[in-house]
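**Student:** when you get a sec, could you give me coordinates for this:
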Amino acid sequence: MEKSILHPRFKDSPHFKNFWERGNGKQLIEFSDAKVSFKDFDKFSHFFYDVDEIGDGVVKEVYFTQSFPEASKQIESYIRNGISENDKIPESVKVLFGQTQSIPDWVDFDLIKYGAELCMRCNVDSLISLRDYCLIGGYDYAYLNKPLIITEALKKGAVKRLSETLDFWVNVTRADALQIHKKGYEFAIKTRLIHSYARLSIKKHYKNWDTENWGEPINSWDIMATYIGFSLVFLFSLHKLGNTFSEQEEKGLFHLWKYVGYLLGIPEDLLPDDKKQATEYFYHWTSVQPPSDKDSILLAHSLLNESLENPILKFNFQRKNLRYLHICCTWFLLDDEVCERLEIPKVKYKNLFPKSKQLFNKIYEKIISRDARIKKGNKDQMKVLEDYLNITKNSNFY
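**Tutor:** Predicted coordinates:
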């Protein structure tokens, strides 16, 4: 199929203009000192129809030629032990690991360490930012959600989806996790192949995929936007919750996600170095995304109600209170217009908890050392992950 010529088709739509002229988009521009325009739109827009051919090749040659458990075991062996020229393996596998085991000259693991430490030392605020801003805010972009809906993410259940996202995020944001053969490196490669598996399955089984409007399933531009969520949007959320960060930590966060993006097969032209670039890249992408639709609302409410379904907390009143706190944070972090589109319930005293977080963070940063906060944050985040993995390890949970 000949690739379509894409235009910033929603640039004059109210949802786009309100976000960038009055809402969180305007705040992102001020936060990052970005200069937004459409002069470079064509430089990025073709990635809407671009996919990870290397990852797709591995799925076709490995996963589609044997059982899924056998293929996964084979790939895990290559991830953990590497490959050699003498190995009798498919050419696509050689290409994949030739790329991911060749560390680019620009990678600075000392800088990545600062980014990982920021993720850990912000402790529960990091998890609030991921859930109540990055994830639920992403549901407002209707086309971005199409692969989730088609692969029946709602049937899987929000607890399981959240557990998988948390498992990925925690493991790629620990110190030294992205060194070759380490846990974060492993998660990046596996996630890359999951993207390819899902994309090829959608192309094979879902004949009504609207490539012209939706782009290729799980295309390079959409993946870029997702990982800008983990860097720019995440950082801005921490800022809104009253956290401060050094210049090194900020640079380190973007560097960490740039390298994760490289391992995931995102073209290097799409990997921003800093918040200014990330905001400018994000501006282009949002111009081709319509606002929430009915599927967006279903996804958002599934995530909100996860607190009620999750058995980590024993008593019902605890679960209801946790849901209330997440709703408060969602209203505080997202634009009111986005919350209304997603039909986020209105609650009383919605700013009390987020404002308390801001005050607490100012005091906490003054009286507790950075090293102590990193250590405690790592421990607490690992405990949350452990709890989620324990309740979702049995497939019959959902």
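
**Student:** who are the packing partners of the lowest-mean-pLDDT helix or strand in the chain?
**Tutor:** Every helix and strand in the chain was compared by mean pLDDT, DSSP states H and E; the lowest is helix 153-156, with a mean of 76. Judged by 3 or more Cβ pairs under 8 Å, 6 or more residues apart in numbering; DSSP states H and E, helix 153-156 is in contact with helix 294-304. (Glycine included, C-beta is placed from N, CA and C.)

**Student:** C-terminal to the helix it packs on, what's the next element?
**Tutor:** helix 306-309 (DSSP states H and E).

**Student:** what's the helix or strand hosting I327 in contact with?
**Tutor:** Element membership for I327, per DSSP H and E: helix 316-333. Residues external to helix 316-333 that are found in contact with it (Cβ atoms under 8 Å, 6 or more residues apart in numbering): 128-129, 131-133, 136-137, 237, 240-241, 304-305, 307-308, 310, 313, 339, 344-347, 349-354.

**Student:** which among those residues end up buried?
**Tutor:** 128-129, 131-133, 136-137, 237, 240-241, 304, 307, 310, 339, 344, 350, 353-354 (16 or more other Cβ atoms under 10 Å).

**Student:** sorry, back to before: CA atoms only: put the helix or strand just after the helix holding I327 into PDB for me.
**Tutor:** Scanning forward in sequence from helix 316-333 by DSSP H and E, the next helix or strand is helix 336-341. Below are the C-alpha coordinates for helix 336-341, written out as PDB (Å, rounded to 0.1, in the frame of the first residue of the first chain):
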ATOM      1  CA  ASP A 336     -10.700  19.700  33.500                       C
ATOM      2  CA  GLU A 337     -11.700  19.400  29.800                       C
ATOM      3  CA  VAL A 338      -9.900  16.100  29.500                       C
ATOM      4  CA  CYS A 339     -11.400  14.800  32.700                       C
ATOM      5  CA  GLU A 340     -14.900  15.700  31.500                       C
ATOM      6  CA  ARG A 341     -14.300  14.000  28.200                       C
END
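
**Student:** residues touching helix 336-341, excluding its own?
**Tutor:** Contacts of helix 336-341 (Cβ under 8 Å, 6+ apart): 15, 18-19, 23-24, 137, 140, 291-292, 296-297, 330-331.

**Student:** can you rerun that using 10 Å?
**Tutor:** Contacts with helix 336-341, where a contact means Cβ atoms under 10 Å, 6 or more residues apart in numbering, come from 14-15, 18-19, 22-24, 136-137, 139-140, 142, 291-293, 296-297, 300, 327, 330-335, 344-346, 350.

**Student:** let me know the secondary structure of D12.
**Tutor:** coil (DSSP: H, G, I helix; E, B strand; the rest coil).

**Student:** so it makes contact with W20?
**Tutor:** No - if you go by Cβ atoms under 10 Å, D12 and W20 don't touch, sitting 11.6 Å apart.

**Student:** which one of these two has more residues nearby?
**Tutor:** W20 (21 against 9; other Cβ atoms under 10 Å).

**Student:** list phi and psi for the closest residue to the more buried one other than its chain neighbours.
**Tutor:** Nearest residue to W20 in three dimensions, chain neighbours excluded: K26, at 6.1 Å (Cβ to Cβ, 6 or more residues apart in numbering). When read as degrees, to the nearest 10, the backbone of K26 gives phi -60, psi -40.

**Student:** check what pLDDT K26 gets.
**Tutor:** K26 carries a pLDDT score of 98 in this model.

**Student:** neighbours around it, how many?
**Tutor:** Close neighbours of K26, defined as other Cβ under 10 Å, add up to 14.

**Student:** I368 too?
**Tutor:** Neighbourhood size, I368 [other Cβ under 10 Å]: 12.

**Student:** isn't it right next to R121, touching?
**Tutor:** Yes - under the criterion of Cβ under 10 Å, I368 makes contact with R121 at 9.4 Å.

**Student:** overlap in contacts, these two.
**Tutor:** The contact sets of I368 and R121 overlap at K376 (Cβ under 10 Å, 6+ apart).

**Student:** just the pLDDT for P311.
**Tutor:** pLDDT, P311: 92.

**Student:** tell me who's in contact with it.
**Tutor:** By Cβ under 10 Å, 6+ apart, P311 lies in contact with V159, R319, D387, N390, I391, F397.

**Student:** before we move on, what about K11?
**Tutor:** K11 neighbours (Cβ under 10 Å, 6+ apart): K17, W20, F38, F41, Y283, H284, T286, S287, V288.

**Student:** does the second one lie in a helix or a strand, and which?
**Tutor:** Which is W20. helix 14-21.

**Student:** who does that helix touch, helix- and strand-wise?
**Tutor:** If you count contacts as 3 or more Cβ pairs under 10 Å, 6 or more residues apart in numbering; DSSP states H and E, helix 14-21 packs onto helix 24-32, helix 275-286, helix 336-341.

**Student:** just checking, Y197 touches Y63?
**Tutor:** Yes - in terms of Cβ under 10 Å, Y197 counts as a neighbour of Y63; the distance is 6.0 Å.

**Student:** overlap in contacts of these two?
**Tutor:** Residues touching both Y197 and Y63 (Cβ under 10 Å, 6+ apart) are A71.

**Student:** residues near W331, how many?
**Tutor:** For W331, the count of nearby residues is 21 (other Cβ under 10 Å).
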